[in-house]
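*Asks:* Give me a model of this one.
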Amino acid sequence: MPTANVKAIAESSKDKLKTAIVELEKFLNGHALPQLTNEESSEESIAVHAGLLSDLRHLLVFSEVAYEKLGAILRRPNFDLELAERTLYEVYHHCVNAFFYPKNEGYSEDGRYAYTGQDAIRFRAKPVRAVRDVVLNISRVYEELRDDLSYYESEYLTQRRMLGQSK
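*Replies:* Residues are numbered from 1 along each chain as shown. Okay, here's the model as predicted:
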């Protein structure tokens, strides 16, 4: 891929990650499990909310690391194309996949809704409004990142294998 395209995608991805990071930090700094559940909450509801918080914390860390890596790459006087492509690959496989395939499966994407204008995110159990809002808000960012970086899902690795390199 031409250097100008990779640099533009890196800049765009960095900006999108920053948007998600701000949203996640605001939410995670302002909410804890006791605030999201109450004494009448079922064990399942508590477990779902605990899992959602855990997944969002992991997502925040992955996103911050990727944001910092992209920032370092973009600040260098000579743009390192190979490092940028590897980092974009990591953004796709760590950040985008962490969002769409959360470990605790508190939500999932239902592709049938993606083209209807409805939210494609479906929660395993009804979350409190704050959790629902933050997940749906950042879903737009990670959908855009997935679309922008879809090349890195398979083509990047295929290209590296053909050149006899590992990721």
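*Asks:* I'd like to know which elements the helix ranked longest in the chain is packed against.
*Replies:* What stands out as the longest helix in the chain, according to DSSP state H, is helix 43-75. Packing partners of helix 43-75 (3 or more CB pairs under 8 Å, 6 or more residues apart in numbering; DSSP states H and E): helix 3-30, helix 33-36, helix 81-90, helix 97-100, helix 129-148. Every residue, glycine included, has its C-beta placed from N, CA and C.
*Asks:* I'd like these laid out as a markdown table, including mean pLDDT and distance to Glu68.
*Replies:* Listed next are the helices and strands packed on helix 43-75 as a markdown table, based on pLDDT from 0 to 100; distance: least, CB to CB, whole Å:
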| stretch | mean pLDDT | distance to Glu68 |
| --- | --- | --- |
| helix 3-30 | 94 | 9 |
| helix 33-36 | 84 | 28 |
| helix 81-90 | 91 | 10 |
| helix 97-100 | 93 | 16 |
| helix 129-148 | 92 | 16 |
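*Asks:* nearest to Ala47, of the ones you listed?
*Replies:* Closest approach to Ala47 among the helices and strands packed on helix 43-75 is made by helix 33-36 (10.2 Å; CB to CB).
*Asks:* and Val65, what does it touch?
*Replies:* Contact analysis of Val65 by CB atoms under 8 Å, 6 or more residues apart in numbering lists His94.
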